[in-house]
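1. give the three-dimensional model of this entry:
(chains A and B)
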Amino acid sequence: MAESKITPRAENFARWYQDVIAQAELAEPAEVVKGCMVIRPNGYAIWERLQAELDRRFKETGHVNAYFPLLIPESFLKREAEHVEGFSPELAVVTIAGGEPLEERYVIRPTSETIIGHFYSRWIKSWRDLPLLINQWANVLRWELRTRLFLRTTEFLWQEGHTAHATEAEALQETRRMLDVYADVAENVMAMPVIRGLKTRAERFAGAVRSFCIEAMMQNGLALQAGTSHELGQNFAKAFEIRFQNQAGELEYVWQTSWGVSTRLIGGLIMVHSDDRGLVLPPKLAAVQGVFVPIYRNEEERAAVLAKTNELAQALRGAGISVQVDNREGTTPGAKFYHWEQRGIPLLIELGPRDLAAGNVVVRRRDSTQKQVHPAAALVAVAQNALRQMQADLLETARRRMEENTMLANSLEEVKKILEPATAEKGGGKFVMAHVKDDPACDARLKEFKASVRCIPLEDRYDGPGRCIITGEQTPHRVVIAKAY
RNA sequence: CGGGACGUGGCGCAGCCUGGUAGCGCGCUUGCUUGGGGUGCAAGAGGUCGUGGGUUCAAAUCCCGCCGUCCCGACCA
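-> Predicted coordinates for the structure are as follows:
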């Protein structure tokens, strides 16, 4: 905490981001393994809230949780050609165990398609076994060259859903359904607007037929892939011999999907909402939605103020709002205000002798600089309303920012010009909508100036055919181009 | 792996150029004080200066090696 009071983001966005994490006590770089992180209780509470929201939706869609091994025989990875090619550069491999070199090496899972495929081949025999809808909460490890807390760490926490279906149509439907679940959580829980889309062939998951994603815009205009849902076709089914007997008695390969979101979401949350005073948590994600700061000068006032504070806190809890009373001694109210602001608590509620005498409370929303005085008797309704409104406002603000920073371009030069000032600084980045063919050669051209096709949006507002700005060929869609994390 | 910077109490840094046996801010501990936006004062605890070697009467400081970290690029949820 101390002296660093959050670097103004305009000065250095990367530094600002790290400061928010530090001030809010969310995470630290691990000291033992390069590029890993220690998620502190404040950060983990956010993850638990996300888990709860996701799990609830998974249950509604009929998924069950299971767990598969951390170590995967290297030969499993090699069975799907594209998959191993895509992941081998970033694998950590176990070569020695029990004091001796292993005859077969194990990789630490970068994702679990292969080992789950291995078991699915044993579990699935009949059409009656389908669909198989399993989710796993796990840690995975990818030896990335560069890391950034939450956004790209060597080890990260995620959920990975792995499903098997009898038909291609059903698998596609599943892929889209889970993409919608992700968009729902991003927008309605995290208040982070996203664009649903399809990845280009160059960007799709190694081993997938098609990859769908949700893309979000950070406050500096850079893009963040916030979740993916893959249509795996029969690629892994063929590699792992996952077959079932259909109702006609014929043996068929299953159609699979996989989908995941990770602790990266927390990074996105920070970069979308937080400000120079620290973290900003949307009410639905805050484990603690409100904190009372009692104010008093002497024992008599202390007793009266604390009594009233506790009474109001109970009333809020009774209404389903999670609140805490900051009754620490030896810390001044001002210090407490800063403390909770940095940690993103949505509502700050002051109660002092003046309020007590007038029957009031002072309420401030984290996303506002204004204090508002309300009758204490109305606090429950005021708090409920404020939390609801704050949730809506955060989404609206972020959505407006994304729309205002999205522009159309009709040539590669225009794209380049729009993205040129894009640096790590606030407002530098943009989303550019342009016609680009789904062709690896086009992806390569954009890469020349560090941009990429983030997705081919599913929403139709930017839709419509046109000529590719690179090849001149007719393409059916405008795509989202941006610089990304 | 290329290009840059940096390793000094828990955190952030100064000291290094011009060698003389380590200092500041924050945090922490104790006491008083204060309390409606980071109270103030006082007294404390805490460091073999990343590491190995060299030069020297003497090295945080100069020289060489190694290790590690961060930033920029290639890779990527």
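
2. measure residue A:94 to residue A:105 for me?
-> For residue A:94, the distance to residue A:105 equals 6 Å [CB to CB, to the nearest Å]. In this view, the C-beta of every residue, glycine as well, is placed from N, C-alpha and C.

3. okay, those two: which has more neighbours?
-> The residue with the greater number of neighbours, taking residue A:94 and residue A:105 and applying other CB atoms under 10 Å, is residue A:105; the counts read 17 against 14.

4. what is the neighbour count of the nearest residue to the more buried one once chain neighbours are set aside?
-> Nearest in space to residue A:105, with sequence neighbours left out and distances taken as CB to CB, 6 or more residues apart in numbering, is residue A:74 at 4.6 Å. For residue A:74, the count of nearby residues is 19 (other CB under 10 Å).

5. spit out the contact partners of the closest residue to residue A:222 other than its chain neighbours.
-> Leaving out its chain neighbours, the residue that sits closest to residue A:222 by CB to CB, 6+ apart is residue A:429, at 4.4 Å. Remark: with contacts taken as CB atoms under 8 Å, 6 or more residues apart in numbering, residue A:429 is in contact with A:217, A:218, A:220, A:221, A:222, A:223, A:405, A:419, A:422, A:482, A:483.

6. how about residue A:429, secondary structure?
-> With DSSP: H, G, I helix; E, B strand; the rest coil as the basis, the three-state label of residue A:429 is coil.

7. quick one: distance of the host helix or strand of residue A:258 to the chain centre.
-> Here residue A:258 is covered by strand A:255-262, with elements defined by DSSP states H and E. Here the centre of strand A:255-262 is set off from its chain's centre by 15 Å, with CA atoms, centre = their mean, to the nearest Å.

8. and the average pLDDT for that strand is what?
-> Along strand A:255-262, the predicted local confidence has a mean pLDDT of 98.

9. which residues of the stretch 351-485 of chain A lie near RNA strand B?
-> For the stretch 351-485 of chain A, the residues in contact with RNA strand B (CB under 7 Å from any atom of the strand) are A:351-356, A:362, A:364, A:371, A:424, A:447, A:450, A:484-485.

10. just the pLDDT at the residue in the stretch 201-350 of chain A that RNA strand B sits nearest to, thanks.
-> Using CB to the nearest atom of the strand, the point where the stretch 201-350 of chain A gets nearest to RNA strand B is residue A:334, with a distance of 2.5 Å. Note for residue A:334: predicted pLDDT of 94.

11. what ranges does chain A have for its helices?
-> A:13-23, A:41-60, A:74-78, A:81-87, A:113-123, A:168-184, A:235-240, A:264-273, A:299-318, A:333-342, A:353-358, A:379-404, A:412-419, A:440-447 (DSSP state H).

12. tell me which of those sits most buried.
-> Per residue and on average, the most neighbours among the helices of chain A fall to helix A:264-273, with a mean of 25 (mean count of other CB atoms under 10 Å).

13. residues making contact with that one?
-> Contacts of helix A:264-273 with the rest of the structure, by CB under 8 Å, 6+ apart, involve A:17, A:20-21, A:26, A:43, A:46-47, A:50, A:148-152, A:156, A:186, A:190-192, A:216-220, A:224, A:226-227, A:279-282, A:285, A:367, A:394, A:398, A:485.

14. do the same with stretch A:432-447
-> For stretch A:432-447, using CB under 8 Å, 6+ apart, the contacting residues are A:200-203, A:406-410, A:412, A:414-415, A:418-419, A:451-453, A:456, A:462, A:465-471, A:473, A:475, A:477-482.

15. go with 7 Å
-> Contacting residues not belonging to stretch A:432-447 are listed as A:200-203, A:406-410, A:412, A:415, A:418-419, A:452-453, A:456, A:462, A:466-471, A:473, A:475, A:478-482 [CB atoms under 7 Å, 6 or more residues apart in numbering].

16. could you dump the residues of the stretch 351-485 of chain A next to RNA strand B to CSV with distance to residue A:308 and pLDDT?
-> Supplementary listing: those in CSV, determined by distance: CB to CB, whole Å; pLDDT from 0 to 100:
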residue, distance to residue A:308, pLDDT
A:351, 6, 97
A:352, 10, 96
A:353, 10, 95
A:354, 12, 95
A:355, 8, 96
A:356, 6, 96
A:362, 13, 97
A:364, 18, 97
A:371, 18, 95
A:424, 47, 43
A:447, 61, 89
A:450, 57, 86
A:484, 50, 90
A:485, 46, 88
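
17. in a markdown table, list the residues you listed along with distance to residue A:295.
-> Converted to a markdown table, those look like this (distance: CB to CB, whole Å):
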| residue | distance to residue A:295 |
| --- | --- |
| A:351 | 7 |
| A:352 | 3 |
| A:353 | 7 |
| A:354 | 9 |
| A:355 | 8 |
| A:356 | 10 |
| A:362 | 9 |
| A:364 | 14 |
| A:371 | 13 |
| A:424 | 41 |
| A:447 | 57 |
| A:450 | 51 |
| A:484 | 46 |
| A:485 | 42 |
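
18. give me the buried entries from the contacts of stretch A:432-447.
-> A:200, A:202-203, A:406, A:409, A:412, A:415, A:418-419, A:452-453, A:456, A:462, A:468-470, A:475, A:478-482 (16 or more other CB atoms under 10 Å).

19. any idea how far residue A:34 is from the nearest residue to residue A:71 once chain neighbours are set aside?
-> With CB to CB, 6+ apart as the criterion, residue A:71 has its nearest non-adjacent residue at 4.0 Å, and that residue is residue A:106. Relative to residue A:34, residue A:106 is positioned 20 Å away (criterion: CB to CB).

20. quick one, which of those two is more surrounded?
-> With neighbours defined as other CB under 10 Å, residue A:106 and residue A:34 compare such that residue A:106 has more, 20 against 12.

21. now the more buried one: how far from residue A:174?
-> In this structure, residue A:106 and residue A:174 are 30 Å apart, going by CB to CB.

22. and what of residue A:180?
-> Noted for residue A:180: a distance of 11 Å to residue A:174, by CB to CB.

23. go on, residue A:263?
-> Note on residue A:263: its distance to residue A:174, by CB to CB, is 24 Å.

24. circling back: which stretch in the helices of chain A has the least confidence?
-> helix A:13-23 (a mean of 84).

25. which strands and helices lie in contact with that one?
-> If you count contacts as 3 or more CB pairs under 7 Å, 6 or more residues apart in numbering; DSSP states H and E, helix A:13-23 packs onto helix A:264-273.

26. all strands for the stretch 101-250 of chain A, in order.
-> Using DSSP state E, counting those that start in this stretch, the strands assigned to the stretch 101-250 of chain A run over residues A:132-141, A:155-165, A:195-198, A:210-217, A:223-233, A:243-245.

27. list the buried residues of the last one.
-> Going back to what we said before, that points to strand A:243-245. A:243, A:244.

28. can you pull the residues of the stretch 201-350 of chain A lying near RNA strand B?
-> By the rule CB under 7 Å from any atom of the strand, the part of the stretch 201-350 of chain A lying against RNA strand B is A:203, A:205, A:225-226, A:228, A:262-264, A:277, A:295-297, A:329-335, A:337-339, A:341-342, A:348, A:350.
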